[in-house]
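Student: Kindly return the folded structure for what I paste below:
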Amino acid sequence: MMPKSKEFISSSESDSDSDQPKQKKLKVEKKVKKESKKEEKKETSSSSKGPGGEHMFQLSKMRFATVSEFRGNVMVGIREFYDAGGELRPGKKGISLTKEQWTRLKEQIDEIDDAVKEFS
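Tutor: Numbering: from 1, shown residues only. As a prediction, this is how the structure comes out:
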């Protein structure tokens, strides 16, 4: 009758016995490392693709900056999203900037940042 568990293997095979648990442990460690790398990638990757193919950058829980194309024009948006049955959908609250408006905003970032600091 063969033992059902490796625990019942005789002590004369102790070398293989000690190797096997280490191998199992390595598999678990590899799995944990793989999962943590996925999490790191999520944290370091600032952009994801939205349902419409737009690039989405999360600003807070349900607020995103997006880069998309609308009627042949590149648009930068800041919008609140809502959960529609497990799918993110854009809400009414938000603004879309043309490429030119986005450029103007970027040119004024330092002055806007200084104004914010006055209130902080």
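Student: Tell me, how many residues neighbour the closest residue to residue 90 other than its chain neighbours?
Tutor: Nearest in space to residue 90, with sequence neighbours left out and distances taken as C-beta to C-beta, 6 or more residues apart in numbering, is residue 79 at 5.2 Å. Every residue, glycine included, has its C-beta placed from N, CA and C. A count of nearby residues for residue 79, using other C-beta atoms under 10 Å, gives 18.
Student: tell me the SS of residue 79?
Tutor: strand (DSSP: H, G, I helix; E, B strand; the rest coil).
Student: wait, isn't it in contact with residue 97?
Tutor: No. With contact defined as C-beta atoms under 8 Å, residue 79 does not reach residue 97; the gap is 11.3 Å.
Student: Could you list the low-pLDDT ranges of this protein?
Tutor: Across the chain, residues meeting the criterion (pLDDT under 70) sit at 1-45.
Student: how about 80 then?
Tutor: Within the chain, the set of residues satisfying pLDDT under 80 comprises 1-46, 51.
Student: How is it partitioned into domains?
Tutor: 14-44, 48-119 (automatic domain parsing).
Student: now the helices for the chain?
Tutor: Listed in chain order, the helices of the chain (DSSP state H) span residues 14-44, 99-107, 109-119.
Student: Now for the residue nearest to residue 90: which residues touch it?
Tutor: Listed by C-beta atoms under 8 Å, 6 or more residues apart in numbering, the contact set of residue 79 reads 63, 64, 66, 90, 91, 93, 94, 95, 96.
Student: State the number of residues packed around the closest residue to residue 89 other than its chain neighbours.
Tutor: Leaving out its chain neighbours, the residue that sits closest to residue 89 by C-beta to C-beta, 6+ apart is residue 82, at 5.7 Å. Counted with other C-beta under 10 Å, residues neighbouring residue 82 total 12.
Student: Now for residue 82: which residues touch it?
Tutor: Under the criterion of C-beta under 8 Å, 6+ apart, the neighbours of residue 82 are 62, 88, 89, 91.
Student: from those residues, which is closest to residue 47?
Tutor: Nearest to residue 47 among these: residue 88, at 14.3 Å, using C-beta to C-beta.
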